[in-house]
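> any chance you can model this:
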Amino acid sequence: YSQEFLYELLRLKGRGGADASKCHTCAKEDGAVYRCKECCAKRLLCKECCLAAHARLPLHIIREWDGEKFNKVTLRSMGLRVYLGHDDGSRCFMPRVDPHPIVVMHVTGLHEVSVRYCNCLESIPRRQQLLRFGWYPATVHQPKTCATLQLLDLFHGLTLNGKLSAYNFYKTLVYITDALGITVPKKRYQPLLRMIRQYRHLMMMMRGGKGSQKDGASRFTRGELTIQCPACPIPEVNLPPDWKERVDQLMFRYLYRKIVSVDACFRLSNLFRSNQSTDPSLHPGAGYMVEDTGDYGMHILKNATQKDISTCSGFKALAHADAKWHTGMRSTGVMAVCCSRHEMVGSQAVGNLQKGERYCNADYVVCSALLDSHDLKDVLFSYDIACQWIINFLERMEALPEYLQLPDDMNLSAAIPKGHCPGHQIACQIAWAMGIQVGVGRTDGEAIERLWAFIRMCAGSIKEMGPGSRADTLDDQFGFHNWCKLIGMGTYLHSYCGFLLTDRQGIKQRALHEDFTAHLPPDVVARWTDWVEAWEKDKESRPNPYAQNDSKRKFQERERLACEAGELPLHDTSPCGLLTNGFLIEEHQAKLRLLTDGEGTLTHAQASDIQKKRVALARRIRNFRTVQLVYMPGVHAELRRESVARTGPLEVEDQKLWLPSDFPPDKRSTACLGDIAKKEAEIRKGQCHDALQAMRDCERALRTLAMYRRDETDGQGVRTRAQMSINTIEARRNFNADRYRRCRRALERLEPGGSWSVQLRPLKEADVTNMAGGSFDIDVLLPLGQGETELSWVWATETGQGDDVVESCRVEWLKSRARSLRWSEERKFMAEEMRRTPITLEKKALWWDVRRQSEDESLGADIKEGIRAYAAQQADVCRKLASSFKAVWD
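As a prediction, this is how the structure comes out:
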């Protein structure tokens, strides 16, 4: 149909078959040459009828037929004059004539309009006459530029949903007005910015109920223009009357807990373009942004030299806190707090960052966000550096203003979000992982990352704004984000993370855990249960039950205790540190051999990269030798013997490291000092188990990718990329298989025929290729000896790594227990949140009912009626949302 549609569009460029012999309205036979693009594409009118039809529609686009084509003309050039001031549409008998036209911005472009203002005895100011006609003036005195309310609403919707900048919007208006750019009025970009900002501010005040207050536009209280989360616990609003008595019970304590996410976003930076005196916020302290000029600014100044120290080497946020570039920046980003379960930003919960992500910023913003929650007894913080930030939080909080300090009886805890947890040390993961915290349900803690994904699209616009404009824009954007979450609350609580899925998954996880428990001795289960429950109540003094036995850490702890006992080490690097460094070099050598032993000819770039790796590895081996000679003096003779016997060059990846396992048994005791050989044997056992676990993980990943490639991919390109991923994982599996064989050979030399050989068997190629016979569901435990599937022995060793196989299941059993409990908690959370949400909305509806009556009795009847209508509309919105949520849930 493309040709048909093309012809129809071209037909509209002409008169389209319209009767051109007479006017469509008055039937006048001469002069029917005008067509309105907005009213009807086929009607042809005479000049008089066209002006009469557009007396109150001055922004329509008119085109005139010149005998061959249509030309754009303006209603002003045809003689139209717009009369303002009379609500009934009549003309003022003594109008005030403005010799210059005003420019009106509308969705159809920029229009020059001749206006006649009312000049009667009871006339109102020009700005009010324009507003009552639906035109928003850019200035309050002698306005020369206006924007229609339809235009402002359109831009507001576009910038909230699509993050469209005002500049691009204005360019679009210019293009619509005249694509050639010839007859465009004088530039009105700055007035448009001013009107947009004012309109945003007025919309926030209307939605905050300020119209019902006397002088409400000039009096603001903290956070009164924000949207609260209806599902979070709010004392005196959606909690039972006896909630304080019930909070001592464990489950109710967590149901009435507030879980918040904390994080910084460096995309929302801001340049020095103005200052607070020339560009202040229009509603300071009433929105989501914390005022820079108040207590927040003073607190930051007092801590300008603060140094945040990180002991978690696995995560680098603190290490780079001061490294974020800040030259020429008023703000390097923002710090924000939102509820972790529903992703809604709290009142006064966003603050500017002056120089990186520092504790002083996080402390103030967190306490500011929780100012309205002081009656609650429990708060959990989800923060990607929670393991460091929470340590001295109470001490740092004493430096905050007293009204911001959290109550002494409030229980504070912290966790690392699930997506950030793998970046931390193992010690941090087993203590701070979100999934093992009691009373969090299925909360992932990454809510604020989804907030940043929504809000960072406007980063380019706000970067060049002044401080006040930026704060007001971010308040508007955060408000819209909260509104989207509010209206989607019903679907959210009942769909992906909803009630039915939670119930089904909870039953499944509980059954899996019960099956796991049934195959363990009851006394062991009771001991593990007491251990983990005691740790959950007192994590500081109790040992962590999630910690696995680590031979390397065990030796490090022994070496530390020996130093404390007065035994002087031979070198600053301990024997365990020497062995660890040697094992790392061994891994690098194996990877380098894979690069050099491949088929084909190396490219220049590949050869250059390999040479760089060789130089770096050679330097590392030289440093290793320096320490090695201290603990293993026999290495010197072996290196000299190798040097004499060598007939050609030896690449660095082929050099023998001469670890204790490389010496014959008869020379090992004299070549190595102390018990370094025993330490290597213990660590080698751990390496073997690590390699087997890595092989199992790779096999699970291969199974998942193969199923995905078979069932989900469509097209050669997608299948090729999936196959490349499969090849990469297969290479990783084979590398770990070689690693296992290498470590096992070392064990055979160190402890031939030891008890370890029962579990750590020789790995054949068939054992690797037959691994697909194992279970790929990590949530399912298949007891050994059951089922008809023939498992590779690699899978059979998954449940144990030592002599006590049952004890080695502890961590997996604890994980299974945590999964079951979290799903059980999630069901309770969902039920409670479904109870709270309609109650909060009904309380908000009652709040609006009170605001139907204005506090200012001097207002006119028409304004009072508007206040009543708007309050009734908002109350109706709250009740409709509540009823629609209940309909979805029932």
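> please name the nearest non-neighbouring residue to A431.
Of all residues not flanking A431 in the chain, N544 sits nearest, at 6.1 Å (CB to CB, 6 or more residues apart in numbering). For the C-beta atoms, the positions are set from N, CA and C on the backbone; glycine is no exception.
> how far away is the one you found from V811?
Applying CB to CB, to the nearest Å, one obtains 10 Å for the distance of N544 from V811.
> and what of M195?
Distance of M195 to V811, given as CB to CB: 62 Å.
> what's the answer for A286, then?
50 Å.
> for stretch 168-181, give the mean pLDDT please.
The pLDDT scores in stretch 168-181 average 93.
> which outside residues touch it?
Residues from elsewhere that reach stretch 168-181 (CB atoms under 8 Å, 6 or more residues apart in numbering): 105, 108-110, 155, 158-159, 183-185, 188-189, 192.
> could you redo the last one with a cut-off of 6 Å?
Outside stretch 168-181, the residues that touch it by CB atoms under 6 Å, 6 or more residues apart in numbering are 109-110, 155, 184, 189, 192.
> ok, and for it, which residues are buried?
For stretch 168-181, the neighbour count (16 or more other CB atoms under 10 Å) marks 169-170, 173-174, 177 as buried.
> and those residues, which of them are in strands?
In strands, defined here by DSSP state E, there are no members of those.
> nearest to E653 among the residues you listed?
Using CB to CB, the shortest approach to E653 within the buried residues of stretch 168-181 belongs to F169, at 60.4 Å.
> ok, the closest one to T159 distance?
Distance from F169 to T159, by CB to CB: 8 Å.
> same deal with Q128?
For Q128 relative to T159 (CB to CB), the value is 27 Å.
> save the contacts of stretch 168-181 as JSON lines, and put in pLDDT, neighbour count and distance to P633 too.
Listed next are the contacts of stretch 168-181 as JSON lines, based on pLDDT from 0 to 100; neighbours: other CB atoms under 10 Å; distance: CB to CB, whole Å:
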{"residue": "G109", "pLDDT": "94", "neighbour count": "20", "distance to P633": "89"}
{"residue": "L110", "pLDDT": "95", "neighbour count": "24", "distance to P633": "88"}
{"residue": "F155", "pLDDT": "96", "neighbour count": "25", "distance to P633": "79"}
{"residue": "V184", "pLDDT": "88", "neighbour count": "16", "distance to P633": "88"}
{"residue": "Y189", "pLDDT": "93", "neighbour count": "14", "distance to P633": "80"}
{"residue": "L192", "pLDDT": "96", "neighbour count": "23", "distance to P633": "81"}
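> out of these, flag the one nearest to R668.
Top of the list for closeness to R668, among the contacts of stretch 168-181 and by CB to CB, is F155 at 79.5 Å.
> which SS class is the closest one?
Following DSSP: H, G, I helix; E, B strand; the rest coil, the label given to F155 is helix.
> still on that earlier bit, burial of the residue nearest to A431, as a residue count?
The number of residues packed around N544, counting by other CB atoms under 10 Å, is 14.
> which element is it on?
Using DSSP states H and E, N544 sits within no helix or strand.
> ramachandran angles for it?
Dihedral pair for N544: phi -80, psi 120, per degrees, to the nearest 10.
> make 48 the first number, not 1, from now on.
Okay, residue one is now 48; in that scheme the one you just asked about reads as N591.
> check what pLDDT it gets.
Reading off the model, N591 has pLDDT 88.
> what distance do you get for it to H71?
Separation of N591 from H71 (CB to CB): 85 Å.
> R640 belongs to a helix?
Yes: counting by three-state DSSP, R640 is located in a helix.
> I'd guessed it sits against D701; true?
No: using CB atoms under 6 Å, R640 is not in contact with D701, being 7.7 Å away.
> and these two? Which one has more around it.
Higher neighbour count among R640 and D701: R640, with 14 against 11, using other CB under 10 Å.
> how about the more buried one, nearest residue that isn't a chain neighbour?
Leaving aside its sequence neighbours, R640 sits nearest to E700 (CB to CB, 6+ apart; 5.1 Å).
> quick revisit: sitting in helices, which of the contacts of stretch 215-228 do you find?
Judged by DSSP state H, the subset of the contacts of stretch 215-228 located in helices is 202, 236, 239.
> from S316, how far out is the last one?
Meaning L239. Distance of L239 to S316, given as CB to CB: 24 Å.
> same check on the first one?
Noted for F202: a distance of 24 Å to S316, by CB to CB.
> can you check A728 too?
A728 is 54 Å from S316, by CB to CB.
> that older thread, list phi and psi for the residue nearest to R640.
Torsion angles at E700 (phi, psi; degrees, to the nearest 10) stand at phi -70, psi -10.
> Q175 and T206 - which one has more neighbours?
Taking neighbours as other CB under 10 Å, Q175 and T206 compare with T206 leading, 22 against 14.
> contacts for the one helix or strand the more buried one maps to, please.
Applying DSSP H and E as the criterion places T206 in helix 196-209. Contact with helix 196-209 is made by 152-154, 181, 211, 216, 246, 527, as judged by CB under 6 Å, 6+ apart.
> so of these, which ones are in helices?
In helices, defined here by DSSP H, the members of the contacts of helix 196-209 are 216, 246, 527.
> show me what contacts the last one?
Looking back up the chat, that one is F527. F527 is in contact with L207, counting by CB under 6 Å, 6+ apart.
> if we use 10 Å, what do you get?
Contact partners of F527, counting by CB atoms under 10 Å, 6 or more residues apart in numbering, are 203-204, 206-208, 274, 501-502.
> and those, which are buried?
Buried among the contacts of F527 (16+ other CB under 10 Å): 203, 206-207, 274, 501-502.
> wait, which of the residues you listed is closest to Q395?
Distance to Q395 across those (CB to CB) is lowest for I274, with 13.2 Å.
> secondary structure element holding the residue nearest to that closest one when sequence neighbours are not counted?
In space, and not counting its chain neighbours, I274 is closest to N529: 4.0 Å by CB to CB, 6+ apart. N529 belongs to helix 514-534 when assigned by DSSP H and E.
> right, and the helix or strand after that helix?
Remark: after helix 514-534, the chain's next helix or strand is helix 536-541, criterion DSSP H and E.
> make a markdown table from the ones in helices among the contacts of helix 196-209 and add distance to I668 to it.
Listed next are the ones in helices among the contacts of helix 196-209 as a markdown table, based on distance: CB to CB, whole Å:
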| residue | distance to I668 |
| --- | --- |
| F216 | 63 |
| Y246 | 69 |
| F527 | 59 |
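> I'd like to know which of these is nearest to T121.
Nearest to T121 among the ones in helices among the contacts of helix 196-209: F216, at 22.2 Å, using CB to CB.
> and the contacts of stretch 890-903?
Around stretch 890-903, the neighbours that count as contacts under CB under 10 Å, 6+ apart are 256-263, 274-275, 277, 281, 283-285, 910-911, 913-929.
> tell me the SS of the residue most central in space within the chain?
Taking CA atoms, centre = their mean, the centroid of the chain lies closest to E496, which sits 0.8 Å from it. Following three-state DSSP, E496 is assigned to helix.
> do the same with L459
strand.
> give the contact list for it.
With CB under 10 Å, 6+ apart, L459 has these contacts: 413, 417, 425-428, 437, 440-441, 444, 453.
> and of the residues you listed, the nearest to S460?
The closest of these, once distances to S460 are taken by CB to CB, is L427, at 4.9 Å.
> elements contacting the strand or helix carrying that closest one?
Under the criterion of DSSP H and E, L427 resides in strand 425-430. Helices and strands touching strand 425-430, by 3 or more CB pairs under 10 Å, 6 or more residues apart in numbering; DSSP states H and E, are helix 297-302, strand 305-312, strand 380-386, helix 406-416, helix 433-436, strand 458-462, helix 494-502.
> which among those is found nearest to E55?
With CB to CB, the closest approach to E55 among the helices and strands packed on strand 425-430 belongs to helix 494-502: 40.5 Å.
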